[in-house]
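Colleague: Structure here, sequence nowhere to be found:
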């Protein structure tokens, strides 16, 4: 019998989150460069921040959260920032604040994590998918206006891989049709468009601090940014269970036969510690960030510039290394954008390579030991959405070709060594040569 105090050995197969937790395959493949699900760097400052936060009396939504919000707003060049426990909950708050309800339509890119559509579905709205630009992989502004109807309420854009969408024409469309714009900035902390930071252009920006992202708050976390003063009260309530203070001008309160009268003295317990109100029928939930997460967020934010510099340096080294390999297209970087390279996306051009993306990926993985991932299957192909709205195939041809035939994402994080990068570059060259010669 084993010792009760003996720790169970980690097998790499016991993560509960599936794709959101890691890619431990345990299939016998000897990896040279695995795909890491930790996108940042922790150091002694992060460790001290956690320990210091543990000594506080307040453990959630306290001084660390307030400081993190202030500092993040300054980083993004916005007036307001509100911490949440994930980007998904941040987008759900935004969707409620926008008043999205049953029958409303929201135009969204199909190349995104399910969360971007899920928050619309939860409020009874219908995601309407506009195709992508095959070069940037972002929603194509030219395809957005085609999708606008009298039911359209908002446009949700995703800055795929850390390269921001072409925001000027998108904002022009939004202004023309009086639509809200949400920036899903899950990939884009540190990214810019024409000098403007991600999350500062649309009505609301939503960020992710999941362990994969450019900075992390202990594995999960999110942030809402906005310059719109009109939305801030609702945002604040929606992330904290619709809680507010009692109106200061109310002098008398009667509850269950009990009378409570406010006097000139400010008694904090009269009539009670808080009030709860709805926002036009919308109710908030517990989407709060805790103090340890916020404390780490603050130390991570100080490193953001360095972390992005490392990603950009790694990405450009890869691009230079694989440039000229027939049938392989490196990540495109728009001159309008400051790309933060949350992802490094290669595209396989089958006709030029003489082989399919999947055969290339099999060789790259099984023979060269380079583990890649695919992002993202067109959202409308998921069983639940097809059941709900019966979206047709070939709804967004560029997005479908991108996911099923062209793209793969190489390992990309700031801890990659020069040896890792050289191994990936050589692996891509070797795999291309092998599949080209085999004619597979």
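Modeller: Received it, and whenever you're ready, just let me know what you need. If you're wondering where the values come from, they're calculated on a predicted model, not measured in any experiment.

Colleague: residues of stretch 176-196 that come out buried?
Modeller: Going by neighbour count (16 or more other Cβ atoms under 10 Å), the buried part of stretch 176-196 is 179-193, 196. The C-beta positions use only the backbone N, C-alpha and C, and glycine is treated the same way.

Colleague: Stretch 333-343 too?
Modeller: Under the neighbour-count criterion of 16+ other Cβ under 10 Å, stretch 333-343 has 333-334, 337-343 buried.

Colleague: quick one, longest helix in this structure?
Modeller: helix 291-322 (DSSP state H).

Colleague: Between which two of the buried residues of stretch 176-196 is the distance greatest?
Modeller: 179 and 190 (26.9 Å; Cβ to Cβ).

Colleague: Can you pull out the low-pLDDT segments for this structure?
Modeller: Low-confidence segments of the chain, defined by pLDDT under 70, span residues 1-15, 17-21, 248-253, 259, 261-265, 439-440.

Colleague: what's the most centrally placed residue in it in contact with, if anything?
Modeller: Among the residues of the chain, residue 186 comes closest to the average C-alpha position under Cα atoms, centre = their mean, at 2.0 Å. Contact analysis of residue 186 by Cβ atoms under 8 Å, 6 or more residues apart in numbering lists 87, 113, 115, 158, 206-208, 210, 213.

Colleague: Which members of these are positioned in helices?
Modeller: Within the contacts of residue 186, residues falling in helices by DSSP H are 87, 115.

Colleague: Greatest separation within the contacts of residue 186: which pair is it?
Modeller: The largest separation in the contacts of residue 186, counting by Cβ to Cβ, is between 158 and 210 at 14.4 Å.

Colleague: higher neighbour count, these two?
Modeller: With neighbours defined as other Cβ atoms under 10 Å, residue 158 and residue 210 compare such that residue 158 has more, 27 against 20.

Colleague: I'd like to know which elements the longest helix of the chain is packed against.
Modeller: Applying 3 or more Cβ pairs under 8 Å, 6 or more residues apart in numbering; DSSP states H and E, one finds that helix 291-322 contacts helix 44-54, helix 63-76, strand 80-84, strand 344-348, helix 418-438.

Colleague: helix or strand right after the fourth one?
Modeller: What that stands for is strand 344-348. helix 350-353 (DSSP states H and E).

Colleague: Show me which residues of that next one are buried.
Modeller: Buried residues in helix 350-353, counted by 16+ other Cβ under 10 Å: 350, 353.

Colleague: what does stretch 144-151 contact?
Modeller: When contacts are defined by Cβ under 8 Å, 6+ apart, stretch 144-151 is touched by residues 103-105, 107, 126, 128-130, 155, 170, 173, 177, 179.

Colleague: before we move on, back to that, let me have the helices and strands packed on helix 291-322 in CSV, extended by distance to residue 245.
Modeller: As requested, these are exported to CSV (distance: least, Cβ to Cβ, whole Å):
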stretch, distance to residue 245
helix 44-54, 26
helix 63-76, 17
strand 80-84, 17
strand 344-348, 47
helix 418-438, 53
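
Colleague: can you redo the ones you listed as CSV with mean neighbour count?
Modeller: Shown next, in CSV, are these (neighbours: other Cβ atoms under 10 Å):
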stretch, mean neighbour count
helix 44-54, 14
helix 63-76, 19
strand 80-84, 24
strand 344-348, 24
helix 418-438, 17
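
Colleague: Among the ones you listed, single out whichever gets nearest to residue 285.
Modeller: Taking Cβ to Cβ, strand 80-84 is the member of the helices and strands packed on helix 291-322 nearest to residue 285, at 10.2 Å.

Colleague: Distance-wise, check the closest residue to residue 114 other than its chain neighbours relative to residue 280.
Modeller: Spatial nearest neighbour of residue 114, excluding adjacent residues (Cβ to Cβ, 6 or more residues apart in numbering): residue 379 at 6.2 Å. Counting by Cβ to Cβ, to the nearest Å, the gap from residue 379 to residue 280 is 28 Å.

Colleague: which one of those two has more residues nearby?
Modeller: Taking other Cβ under 10 Å, residue 379 and residue 280 do not tie; residue 379 has more neighbours (24 against 9).

Colleague: Please name the residues that touch that one.
Modeller: 108, 110, 112, 114, 116-117, 127, 129, 385 are the contacts of residue 379 under Cβ under 8 Å, 6+ apart.
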